[in-house]
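Undergrad: How does the following fold in three dimensions:
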Amino acid sequence: MRALMKRLAFLPCMTLLASVLLTPSAVAAAARNFDFGVIAHAVESGADDNRLQQAINASNEDNLAFVVANGIKSGTESCSDAVYARSRASFVRAENALIVSLAASDWVNCKAKNGKSIAIERLNRLRELFFSDDASFGNISIALIRQSSSAKFPSYAENTRWEYGNVLFATVNLPADNNHYLPDAGRNSEFEDRAIANREWLERIFIHAAQRKNRAVVLFSDGNPLIVPNAAKLAKLRGRRDGFIEVRRQLAAQAKKFPGKVLLLHGQAQGQPDTIDWQANLGSMGVRSGWVKIRVQPSSRTLFQPEYPAATEN
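TA: Okay, the predicted model is just below:
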């Protein structure tokens, strides 16, 4: 009953239902000032760790427009279906609408018992388990548009967009491990194919935002493509090649043309970040372990204001 009353307080004009599906146009009309949450996957933990569920529980206490989970599991957990299923069950039970954004820890370093990489097989399995329909997880569902709805890119269901309060939100599969660039000959087709899909996806996002006259575009990714590696960092990268250079150039070019704000929320947090780093209208913020609430206030000059809730108990 408590959860139901929260939903009624947040959506007074909606029909009384246990689960409500909101179309993008209905969501945009319903929201003015609103908050959304981002849950970070960046915890070093064992298979029995419960911090993902604790972060979801904490976010349940707020009336949020939605929550984005950046990652399904930590890097120290196994890549088994059992671990994936446990996270999925937590997402299903969330009281707020919950959207999943993939992280490198979910698939990039997954290996079979013989040490052979099973990253592509696990990525395809994640797509089956977490991105098979066009609605978010949680008690309140938001309608989603997936890139897989395009005949040209049927595999990329993890790239997802939705609209809320005249802001366009979207996830982009950019794993933190140098965008999963592999220098070995004949082994880099995953990176190359995904780069083509992501380029088209970002282009479509900004075309849609311009047509809708959205106030802002918010992107969720694991890696931070806006960081330019210095010579020392570049020397340590696989193949000494920056896997994010094309995405960085595209984002800079799109932001320059876009009249509103462009915000990138990523999983490569350093230290204790709690502010958005703005360069002109292009901003970025890394989300540390736990979860962060972002206040969206259209009357504010900055539009977005991060607020870290009290830390959840371990």
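
Undergrad: can we go C-alpha only for contacts and neighbour counts from here?
TA: Will do.

Undergrad: quick check: longest helix of the chain.
TA: Determined from DSSP state H, the single longest helix within the chain is helix 189-212.

Undergrad: Please name every helix or strand in contact with that helix.
TA: strand 167-171, strand 216-220, helix 245-257 (3 or more C-alpha pairs under 8 Å, 6 or more residues apart in numbering; DSSP states H and E).

Undergrad: What score does the closest residue in space to Ala170 that isn't next to it in sequence have for pLDDT?
TA: In space, and not counting its chain neighbours, Ala170 is closest to Arg161: 4.0 Å by C-alpha to C-alpha, 6 or more residues apart in numbering. Listed pLDDT for Arg161 reads 98.

Undergrad: and whatever helix or strand Arg161 lives in, which strands flank it?
TA: Secondary structure assignment for Arg161, by DSSP states H and E: strand 160-164. The strands beside strand 160-164 in its sheet (DSSP bridges) come out as strand 145-146 (antiparallel), strand 167-171 (antiparallel).

Undergrad: So what's the residue count around Leu263?
TA: By the criterion of other C-alpha atoms under 10 Å, Leu263 has 22 neighbours.

Undergrad: what's the offset of the helix or strand where it lies from the middle of its chain?
TA: Using DSSP H and E, Leu263 sits in strand 261-266. Relative to its chain's centre, strand 261-266 lies at 11 Å (C-alpha atoms, centre = their mean, to the nearest Å).

Undergrad: So that it lines up with my notes, have the first residue be 39 from now on.
TA: In the new count, where the first residue is 39, that last one comes out as strand 299-304.

Undergrad: quick one: average confidence on the next helix or strand after it?
TA: Toward the C-terminus, strand 299-304 is succeeded by strand 315-317 as the next helix or strand (DSSP H and E). Mean pLDDT, computed over strand 315-317, is 94.

Undergrad: What is strand 315-317 packed up against?
TA: Checking 3+ C-alpha pairs under 8 Å, 6+ apart, strand 315-317 ends up next to strand 320-324.

Undergrad: where does this protein dip in pLDDT?
TA: 39-69, 80-87, 223-224, 276-277, 308-312, 327, 348-352 (pLDDT under 70).

Undergrad: which residue ranges form the helices in it?
TA: Using DSSP H, helices in the chain cover 40-48, 62-68, 89-98, 119-130, 142-145, 157-168, 227-250, 269-274, 283-295.

Undergrad: among these, which is nearest Leu220?
TA: In terms of C-alpha to C-alpha, the element of the helices of the chain nearest to Leu220 is helix 227-250, at 7.6 Å.

Undergrad: which residues are contacting that closest one?
TA: 158, 185, 191, 194, 197, 199, 206, 208, 210-211, 217-220, 254-255, 285, 288, 292, 296 (C-alpha atoms under 8 Å, 6 or more residues apart in numbering).

Undergrad: How about stretch 186-194?
TA: Against stretch 186-194 from outside (C-alpha under 8 Å, 6+ apart): Arg165, Arg184, Gln185, Ala195, Asn197, Ala235.

Undergrad: ditto for stretch 139-159
TA: By C-alpha under 8 Å, 6+ apart, stretch 139-159 touches 79, 106-113, 116-117, 160-161, 196, 209-215, 218, 228, 258-261, 305.

Undergrad: What subset of the residues you listed is buried?
TA: Among those, those buried by neighbour count (16 or more other C-alpha atoms under 10 Å) are 79, 106-113, 116-117, 160-161, 196, 209-215, 218, 258-261, 305.
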